[in-house]
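Student: My questions are about this predicted structure, shown below with the sequence.
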Amino acid sequence: MNPSPSPNLDTLIHAVNSKCASLKSAAALLKNAPSKEAQELLGLMLEQVRALAREIEGFVK
């Protein structure tokens, strides 16, 4: 039997999955987006990537 992940690891896994889902959705929309919308989507994607990096950094510290 595998032990369940710690609560902190569960939180990190949830954050990674959530942010990856957001990135995947934005990338799918980006494919056919007009230029202004594409810039907005890229901005949202960058925010998610930065938030993900902070989550991971906080976990390893």
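Tutor: Right, received. Where do you want to start? Worth saying up front: this structure is predicted, and the values here are computed from it rather than measured. Residues are numbered from 1 along each chain as shown.

Student: Report pLDDT for the residue positioned nearest the centre of the chain.
Tutor: The centroid of the chain falls nearest to K19 when counting by Cα atoms, centre = their mean (2.1 Å). The model reports K19 with a pLDDT of 89.

Student: Tell me which helix or strand it sits in.
Tutor: Take DSSP states H and E as the rule and K19 turns out to sit in helix 7-30.

Student: who touches that helix?
Tutor: By Cβ atoms under 8 Å, 6 or more residues apart in numbering, the residues outside helix 7-30 that reach it are 4-5, 37-38, 41-42, 44-45, 48-49, 51-52, 55-56, 59. C-beta: built from backbone N, CA, C; applies to glycine.

Student: and with 7 Å instead?
Tutor: Contact with helix 7-30 is made by 5, 38, 41, 44-45, 48, 51-52, 55, 59, as judged by Cβ atoms under 7 Å, 6 or more residues apart in numbering.

Student: Tabulate those (JSON lines), appending neighbour count, pLDDT and distance to A28.
Tutor: Listed next are these as JSON lines, based on neighbours: other Cβ atoms under 10 Å; pLDDT from 0 to 100; distance: Cβ to Cβ, whole Å:
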{"residue": "P5", "neighbour count": "11", "pLDDT": "61", "distance to A28": "29"}
{"residue": "A38", "neighbour count": "15", "pLDDT": "93", "distance to A28": "12"}
{"residue": "L41", "neighbour count": "18", "pLDDT": "91", "distance to A28": "10"}
{"residue": "L44", "neighbour count": "16", "pLDDT": "90", "distance to A28": "13"}
{"residue": "M45", "neighbour count": "18", "pLDDT": "92", "distance to A28": "11"}
{"residue": "Q48", "neighbour count": "18", "pLDDT": "89", "distance to A28": "14"}
{"residue": "A51", "neighbour count": "14", "pLDDT": "89", "distance to A28": "19"}
{"residue": "L52", "neighbour count": "18", "pLDDT": "89", "distance to A28": "18"}
{"residue": "E55", "neighbour count": "16", "pLDDT": "86", "distance to A28": "23"}
{"residue": "F59", "neighbour count": "14", "pLDDT": "79", "distance to A28": "28"}
